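Visitor: Sequence plus the predicted model coming up.
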Amino acid sequence: MLKAIPPQIEWLKPWEVLQDSGEALVKELQKELSCDHALHGVAVVAVAHRIDCDDVLFATADPSNLLAVVHLTWKARTERDARWPCTTLFRDWQDWVVRCLLPDHREYLRGG
């Protein structure tokens, strides 16, 4: 599983690296996942979060999608619809930077 953050990653607002293990975020994710969700049964580690919403970046044990951004619902129970929690999968760190970090940063600078 990819927990190590590549040294060339420049963290831009609104994303911040977690200062703790992120274990509570992983536990919440596991509570929310239905059997049909893309991350069900996939080992994950919380890496970072957005400071302006409930999006969390998880590193996964899935070699085809090493990263996932999940918008946690914080219902502390299994979601009935596999579309929730809303999840976007990324092949690797570069894919996440291009499709998520940079667009989120531009939106954050514009004020939302």
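Guide: Received, thanks.
Visitor: where does His37 sit relative to Trp84, distance-wise?
Guide: 8 Å (Cβ to Cβ, to the nearest Å). Yep, even glycine has a C-beta here, placed from its N, CA and C like the rest.
Visitor: Then Glu23?
Guide: Counting by Cβ to Cβ, the gap between Glu23 and Trp84 amounts to 22 Å.
Visitor: more crowded one of those two?
Guide: Remark: of Glu23 and Trp84, Trp84 carries more neighbours, 18 against 11, as counted by other Cβ atoms under 10 Å.
Visitor: All the helices of the protein, in order from the start?
Guide: Assignment of helices within the chain using DSSP state H yields the ranges 23-32, 93-96, 102-109.
Visitor: Adding mean pLDDT, write the ones you listed out as CSV.
Guide: Written out in CSV, the entries for the helices of the chain read as follows (pLDDT from 0 to 100):
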stretch, mean pLDDT
helix 23-32, 97
helix 93-96, 97
helix 102-109, 97
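Visitor: Give the buried residues for stretch 37-48.
Guide: Neighbour-count burial for stretch 37-48 flags His37, Ala38, Leu39, Val44, Val45, Ala46, Val47, Ala48 (criterion: 16 or more other Cβ atoms under 10 Å).
Visitor: Show me those residues that map onto strands.
Guide: If you go by DSSP state E, the buried residues of stretch 37-48 have Val44, Val45, Ala46, Val47, Ala48 in strands.
Visitor: Gly22 is in contact with the third one, correct?
Guide: It refers to Ala46. Yes. With contact defined as Cβ atoms under 8 Å, Ala46 and Gly22 form a contacting pair (2.7 Å).
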